[in-house]
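[1] what's the 3D shape of this:
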Amino acid sequence: MYFRSRVCWIKDIVVAVTAENTEVMESIIQKYQHKGISLVEAGVTRHRSIYNGLKALAGDQPGSRLSRPEVVIIHDAVRPFFEEDDLLRVVEAAKEHGAAGAVRPLVSTVISPSAEGCLDHSLERARYRASEMPQAFLFDVIYEAYQQVTYKRDLYAAESVIKEKISQEICIVVDKKEKEHLGHLLEAVLKNELNHVKVTSGIPSQAGSDIQRIILDQCYSFVCVNVTTDFQNTQKLLHILAESSVAALCPIVVVSVHFLDFELGPLSQKMESLMWVREFAVEAKKRNILLYGLLINYSQDTQKLQESLRQGSTIIAALVRERNSAFTGQLLVA
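    Coordinates of the predicted model:
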């Protein structure tokens, strides 16, 4: 960019255009003989479109003939008109401070609603400004920022896709004698509550044939049902998973579920007897296995039992979806 007096000449203009509109834009440029305009492919988001334009100016795009500028101006095509004096002031401020943008006083009242949808409070308009375009930046400042933010966004997006993919199946591990009772009840509720998730079941025999079959089908989420504070089923499952190589690919979630009647003695005592979950979770985490404990109230009241099962399903779904290592070793209560 070059500056002289109060007139600002823009050396290059880069326009992000979707593939279906590229031909139209090219015809407009040719018809009106516009000079210094380059087209780049628009991204799926505004962020991506701007980043593609910055890469073109940096010479990172194939066949790019643009030179790296000192200052870059970012503007919205849907609001193309602005005062030349405003643009000049924004550019000069960016050269001095690294970044600058246009603002204006708030006209509308900005409110914060309560959870019930009523007015909680409103902002004092005199203390705030609305941020508008155009915005100007020293090129190196904005380009480095977009590289870092885009990289992190890509990581988060990739992580989200992976989590979504490996959370589509849950295997319920049950003892053979309990399969037709508590394990069956939990499986039924999970299928009903999580209709987008495939729910299967298996038995942790010594040979582990059922579980091995499920592992080969690339299941990364397991719910191990224990009727009391006994941990044998979960121990068997952890051993089978540790012997397999599936945890090397993605983190495996294991929710050790314990059905206990909360009315038979203080809940605190029951939780104390299950503190071994923390110790096993530490060792399991070293093998990329995330172990959580979940207590479900095995009430004799059918309605209360169903409600506990639904709450347990919600917790299981959250643990499977988020795969948050901060909760490993914790005892959660449904």
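[2] count the residues that sit near residue 285.
    Burial of residue 285, expressed as a neighbour count using other C-beta atoms under 10 Å, amounts to 15. Yep, even glycine has a C-beta here, placed from its N, CA and C like the rest.
[3] not counting sequence-adjacent ones, nearest residue to it?
    Once its chain neighbours are removed from consideration, residue 285 has its nearest residue in residue 328; the separation is 5.7 Å (C-beta to C-beta, 6 or more residues apart in numbering).
[4] now do residue 261
    The shortest distance from residue 261 to any residue other than its chain neighbours is 5.1 Å, reached at residue 298 (C-beta to C-beta, 6+ apart).
[5] I figured the one you found hits residue 257, correct?
    No: if you go by C-beta atoms under 8 Å, residue 298 and residue 257 don't touch, sitting 10.6 Å apart.
[6] give me the more crowded residue out of the two.
    Here residue 298 and residue 257 are compared on neighbour count by other C-beta under 10 Å; more neighbours surround residue 257, at 27 against 20.
[7] pLDDT score for the residue nearest to residue 285?
    Reported pLDDT at residue 328 in the predicted model: 90.
[8] list the contacts for it?
    281, 284, 285, 290, 291, 292 (C-beta atoms under 8 Å, 6 or more residues apart in numbering).
[9] repeat for residue 276
    Residue 276 makes contact with residue 231 under the criterion C-beta under 8 Å, 6+ apart.
[10] what's the answer for residue 78, then?
    Neighbouring residues of residue 78 by C-beta under 8 Å, 6+ apart: there are none.
[11] check residue 59 too.
    With contact set as C-beta under 8 Å, 6+ apart, residue 59 has these partners: 66, 67, 68.
[12] please apply the same query to residue 17.
    Counting by C-beta under 8 Å, 6+ apart, residue 17 makes contact with 25, 39, 40, 41, 42.
[13] put the buried members of these into a PyMOL selection.
    PyMOL command restricting the contacts of residue 17 to the buried ones, with burial defined by 16 or more other C-beta atoms under 10 Å:
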select buried, resi 39+40+42
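[14] part of a helix, is residue 318?
    Yes: secondary structure of residue 318 (DSSP: H, G, I helix; E, B strand; the rest coil): part of a helix.
[15] state the distance from it to residue 192.
    According to C-beta to C-beta, to the nearest Å, residue 318 stands 17 Å off from residue 192.
[16] residue 70 too?
    62 Å.
[17] and what of residue 142?
    Relative to residue 192, residue 142 is positioned 50 Å away (criterion: C-beta to C-beta).
[18] then residue 299?
    Taken as C-beta to C-beta, the span from residue 299 to residue 192 is 19 Å.
[19] sorry, back to before: okay if I get the contacts of residue 59 as TSV plus secondary structure?
    Conversion of the contacts of residue 59 to TSV gives the following (three-state DSSP):
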residue	secondary structure
66	coil
67	coil
68	coil
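[20] top of these by number of neighbours, please.
    residue 66 (17 neighbours).
[21] quick check: that residue touching residue 56?
    Yes: using C-beta under 8 Å as the test, residue 66 is close enough to residue 56 to be in contact (5.8 Å).
[22] overlap in contacts of the two?
    With contacts defined as C-beta under 8 Å, 6+ apart, the residues adjacent to both residue 66 and residue 56 are 14, 38.
[23] in this structure, which ranges drop under the pLDDT threshold?
    Low-confidence segments of the chain (pLDDT under 70): 1-9, 60-64, 155, 157-159, 175-180, 196-197, 200-217, 228-229, 246-249, 269-270.
[24] the same query, at a cut-off of 50, please.
    Low-confidence segments of the chain, defined by pLDDT under 50, span residues 1-8, 178-179, 206-207.
[25] now do the strands in the stretch 151-300 of the chain.
    Taking DSSP state E, counting those that start in this stretch as the criterion, the stretch 151-300 of the chain contains strands spanning 169-173, 198-202, 221-226, 252-260, 289-297.
[26] could I get the ones you listed in a markdown table, plus columns for distance to residue 118?
    As requested, the strands of the stretch 151-300 of the chain are arranged in a markdown table below (distance: least, C-beta to C-beta, whole Å):
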| stretch | distance to residue 118 |
| --- | --- |
| strand 169-173 | 40 |
| strand 198-202 | 41 |
| strand 221-226 | 41 |
| strand 252-260 | 39 |
| strand 289-297 | 36 |
